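Visitor: below is the sequence, then the predicted model.
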Amino acid sequence: MPDEMSSYLPVRQFAAPTGQHISLGAPLRFILFIVIVGILAAVYFSTLRQPVAVGATVATVIVVWVIVSGIRVAAQWERGILLRLGAFKAIRGPGVIYVVPFIDYIRFVDTRVLVLNIPRQKVITRDNVPAQIDGALFYFITNPEHAVLHVQDYQFAIAQYAQGALRDVVGRLTLDELLAEREQIQQEIGTLVEQHIKEWGMHVESIRLLDIELPEDLKRMMSRQASAEREKRATITKAEGDKLAAVNLAAAAEIMEKMPGAMQLRSLQTIDGLGASPSNTVILFPVEWVELIHSLIKKELPELPPPEGEG
């Protein structure tokens, strides 16, 4: 039961963290704040009385801090969605961006290729075989304005679409098609997801199925099937080899029958192949003697009459 529930948990808990905004403006704000406050403090203490200079310095520090706090820096791969009093104002970046304190709000969006983990899903193929599949989704943002304004959480939304598309595509395939046509499955899932998210200003780079896990008993049956298939191919190959060898031997026998010297050469090659080991004892019996004895037997023994009942 816990395994079944885990596949339906929100993707937010499993999704790999994407590019986070690097606060490059914090060091710049701090340096400007120190420089400006130092200059103003030196001016106040040199021109005003000490009590007045202290109060003016404190007020100046507050004002300067409020002004300097609006400085932001966007990296080369980031774009800032600027909202002024809640309304969309512009897309800013990369570089230095100034945000009016208490009036403007900015959200940075990473425009690089991002990767999102598709958690392990339990799916049923068309031939009723259970399988667990996980993958990775590669995408990037083409329109930061749409990605922020048209959907609440684009990472969570695209992950949900990817999970649904994975179940839909695999559910229409048999187990053999699932194992053999992985590239086609990845392209079909990417097309389905792309149709839903293109209006949000995002584009699917690719989808990769990382692992397909099958039940253990099914793995054993597939292993036995593969072993039997290999044994069948080996038997067929051996039979074809025996057939070819028999044809060649028959052709060689016909040639040797026409050329008596070829049989003698073959006999010498066989003797040479036995080696010079002292444990081997070779007795040569000429073939001509065998033919002579065979001919004598035919002359000495008359031909037997055919059995009764035969013409």
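Guide: Happy to help now that I have it. Numbering: from 1, shown residues only.
Visitor: max-length helix in the protein?
Guide: Longest helix of the chain, by residue count under DSSP state H: helix 216-258.
Visitor: mind giving me the packing neighbours of that one?
Guide: Judged by 3 or more CB pairs under 8 Å, 6 or more residues apart in numbering; DSSP states H and E, the packing partners of helix 216-258 are helix 260-273. For every residue, glycine as well, the C-beta is placed using N, CA and C.
Visitor: what about 6 Å?
Guide: If you count contacts as 3 or more CB pairs under 6 Å, 6 or more residues apart in numbering; DSSP states H and E, helix 216-258 packs onto no helix or strand.
Visitor: now it: average pLDDT?
Guide: Helix 216-258 carries an average pLDDT of 83.
Visitor: and stretch 149-159, by the same measure?
Guide: For stretch 149-159, the mean pLDDT works out to 89.
Visitor: renumber starting at 41 from here on
Guide: In the new count, where the first residue is 41, that last one comes out as stretch 189-199.
Visitor: just the CA atoms of it, as CSV, please.
Guide: Extracted C-alpha coordinates of stretch 189-199, given in CSV (Å, rounded to 0.1, in the frame of the first residue of the first chain):
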residue,chain,number,x,y,z
LEU,A,189,1.7,35.3,-15.2
HIS,A,190,-0.3,32.4,-16.8
VAL,A,191,0.4,29.6,-14.4
GLN,A,192,0.9,29.6,-10.6
ASP,A,193,3.8,27.1,-10.5
TYR,A,194,5.1,26.2,-13.9
GLN,A,195,7.5,23.5,-12.6
PHE,A,196,4.8,21.7,-10.7
ALA,A,197,2.3,22.0,-13.6
ILE,A,198,4.7,20.7,-16.2
ALA,A,199,5.6,17.8,-14.0
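Visitor: list the contacts for residue 213?
Guide: 165, 166 (CB atoms under 6 Å, 6 or more residues apart in numbering).
Visitor: so it: helix, strand or coil?
Guide: For residue 213, the assignment made with DSSP: H, G, I helix; E, B strand; the rest coil gives coil.
Visitor: try residue 140
Guide: Residue 140 - assigned by three-state DSSP - is coil.
Visitor: for residue 98, see how far away the closest residue in space to it that isn't next to it in sequence is.
Guide: Nearest residue to residue 140 in three dimensions, chain neighbours excluded: residue 110, at 5.8 Å (CB to CB, 6 or more residues apart in numbering). For residue 110, the distance to residue 98 equals 20 Å [CB to CB, to the nearest Å].
Visitor: so which of these two has more stuff around it?
Guide: Neighbours were counted for residue 110 and for residue 98 using other CB atoms under 10 Å; residue 110 has more, 17 against 11.
Visitor: right, and the more buried one touches residue 142 too?
Guide: No. Contact criterion CB atoms under 6 Å: residue 110 and residue 142 do not qualify, at 9.3 Å.
Visitor: all strands for the protein, in order.
Guide: Counting by DSSP state E, the chain has strands at residues 111-114, 118-124, 127-132, 135-138, 144-150, 154-164, 170-181, 242-253.
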